[in-house]
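Chemist: Next one to model:
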Amino acid sequence: MCLESVGGLAMHVILSKLSPLETASVACLSRSFRVWASDDSLWAQYCSHDLNITSPLGPDGNPAPSFKAAYGAWREGFSMYPWPLVIRAKRCWSRLKEWLASNFPEVLPTLRKGASEEEIEDFESTLKIKLPLPTRVLYRFCDGQDLPDELFSGSLPSSLLGIIGGYAFYDHLVNVVLLPLSQVIQDTKGIMHQLGFGSRAKYIVVAASATYSEKIFFLNCSSGQLFVGTRNLLTDKEMLPCVPDALISLIDDPKGCQQQDAMLLWLEEHGRRLQEGIIGVRKEGKIRSINLFPEQPPLCSCAITNGVKVRASAIFVPEYSNLQDESEKFVFSYSIRLSLSSDGCLINGVTFNSCQLHWRHWIIRANDAVVSDVNGEAVIGKFPLLRPGEEEFVYQSCASLSASQGSIEGSFTFVPGRLVDAKGSPFRVEVSCFPLQLPQYIF
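Modeler: Below you'll find the predicted structure:
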């Protein structure tokens, strides 16, 4: 039986199982196949799967006459790159933007349109480097962030808009943004000179905190690894890799399947953590930002005692870590979130509509050895009063270890009612063990 005799509907089903390249090849067989392979619903499917676009738009954002034309425009616009790598980079950015649209839309206007090939070539010529191919494709889709002037005006912003996010403890505030190529040039020239790197150094500054707290990320354009500076960055050029070395591959693969540098892996992992709710947007006071303290187990512990709920997690703080000092080799910040059940505080069958923290007890371990056993009044100088239905009381502190992993556990002592008017005996509230660990991916 001639294949053409199966009819258009059956042929549509068959062609939908093929790749776009295979479908385009089938079109060369005959006039009937050309008609079937030009069915725009097929190309709408390819555009959705490969490029995550649901309307026929070209890479410049302008409408195309059909999905087939749109797909062709994308292939032509990125013909200098392996197509599987283009799909992967596009998918990475699409997932980030989809999450932002649903959870933190204030960031979307800060994302710049993609850089052109000419702009990237000028950038490489200016800094005398060659970007790893995956990073180059990422910049074709988005040329970093432009932050509102209010962030630099001295006034208090309504949001900290770094797409990577950050954390705060004491007076240390971090919020990391992806830099546009123009800013990469400026910062790289200034910081490389300050660090004393020679003109042949292949490091460029790709991300940094938009706050006064210095946290700087460097891409090594030769190895494809991403690094972050430690406390000894300025004195000893000390950095830590942000992605497992074993995952980085810059091999010249025509199919592009295996090419991945640290920037691509880093952004993909960040998007995964956002989508899975491991991290998210937190509002502190009136300021919203992406907060890097984990919100899900096993990195975030949770315990409820007599209606008092305690959530706890920690993050590694590279910019405060000193790899040359055993006592402060690895610095971690931890976040404690306290809240009271809507039913109030229940002790021995009696319900109280408030309780107040009086005392804390921490056991801190490096590996499995106890290195600190701390007892003291209050937390960061405060005695939080918890009431049903109120927002979590959140505070951050820090701890340093000589080992790359450890843990914290302990308890709080509360009194029912208020400290000045206790309604019953003090009771102990558990803080479940949560990890301190040098992560595979550093943000």
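
Chemist: Tell me who's in contact with the closest residue to Cys300 other than its chain neighbours.
Modeler: Here the nearest residue to Cys300 in space, its sequence neighbours aside, is Ser313; by C-beta to C-beta, 6 or more residues apart in numbering that works out to 3.9 Å. Where you see a C-beta, it was placed from the backbone N, CA and C, and this is true even at glycine. Going by C-beta atoms under 8 Å, 6 or more residues apart in numbering, Ser313 touches Phe293, Pro294, Glu295, Leu299, Cys300, Ser301, Tyr334, Ser335, Phe434.

Chemist: low pLDDT regions in this structure?
Modeler: 1-12, 27, 29, 32-33, 36, 149-158, 199, 252-257 (pLDDT under 70).

Chemist: Spatially central residue in it, please.
Modeler: His270 (3.1 Å; C-alpha atoms, centre = their mean).

Chemist: so is that one in a helix, a strand, or just coil?
Modeler: helix (DSSP: H, G, I helix; E, B strand; the rest coil).

Chemist: Next one: the residue nearest to Cys300 relative to Ile336, how far apart?
Modeler: Going from Ser313 to Ile336 by C-beta to C-beta, to the nearest Å gives 9 Å.

Chemist: Helices along the protein, start to end?
Modeler: For the chain, the helices defined by DSSP state H cover 8-15, 20-26, 31-37, 40-46, 67-77, 83-103, 117-127, 133-141, 181-195, 233-236, 262-275.

Chemist: could you redo the ones you listed as TSV and give each row distance to Cys398?
Modeler: TSV is the format used below for those (distance: least, C-beta to C-beta, whole Å):
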stretch	distance to Cys398
helix 8-15	59
helix 20-26	52
helix 31-37	61
helix 40-46	50
helix 67-77	47
helix 83-103	27
helix 117-127	36
helix 133-141	32
helix 181-195	25
helix 233-236	19
helix 262-275	22
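
Chemist: so which of those is the most packed in?
Modeler: Here the criterion is mean neighbour count by mean count of other C-beta atoms under 10 Å, and of those the winner is helix 133-141, at a mean of 24.

Chemist: and that helix, what does it pack onto?
Modeler: helix 83-103, helix 117-127, helix 262-275 (3 or more C-beta pairs under 8 Å, 6 or more residues apart in numbering; DSSP states H and E).

Chemist: Nearest to His172, out of these?
Modeler: Ranking the helices and strands packed on helix 133-141 by distance to His172, with C-beta to C-beta as the measure, places helix 262-275 first at 21.0 Å.

Chemist: now the angle between helix 83-103 and the closest one, please.
Modeler: 40 degrees (axes from the mean of the first three to the mean of the last three C-alpha atoms, to 10 degrees).

Chemist: now helix 262-275 against helix 133-141, angle please.
Modeler: 60 degrees.

Chemist: just checking, what packs against helix 262-275?
Modeler: Looks like helix 262-275 contacts helix 83-103, helix 133-141, strand 226-229 (3+ C-beta pairs under 8 Å, 6+ apart).

Chemist: could those go into TSV alongside distance to Pro109?
Modeler: Output for those, formatted as TSV (distance: least, C-beta to C-beta, whole Å):
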stretch	distance to Pro109
helix 83-103	10
helix 133-141	16
strand 226-229	26
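
Chemist: which of the contacts of Ser313 sit farthest apart?
Modeler: Glu295 and Tyr334 (13.5 Å).

Chemist: still on that earlier bit, in the sheet, who's paired with the residue nearest to Cys300?
Modeler: Cys300, Ser335 (DSSP bridges).

Chemist: re earlier: separation between the residue nearest to the centre of the chain and Ile304?
Modeler: Going from His270 to Ile304 by C-beta to C-beta gives 31 Å.

Chemist: The residue nearest to the centre of the chain touches Trp93, doesn't it?
Modeler: No: with contact defined as C-beta atoms under 8 Å, His270 does not reach Trp93; the gap is 11.5 Å.

Chemist: circling back: closest to Ile248 out of the helices of the chain?
Modeler: Of all the helices of the chain, helix 262-275 comes closest under C-beta to C-beta, at 5.8 Å.

Chemist: what's the offset of that closest one from the middle of its chain?
Modeler: Computed by C-alpha atoms, centre = their mean, to the nearest Å, the chain-centroid distance of helix 262-275 equals 6 Å.
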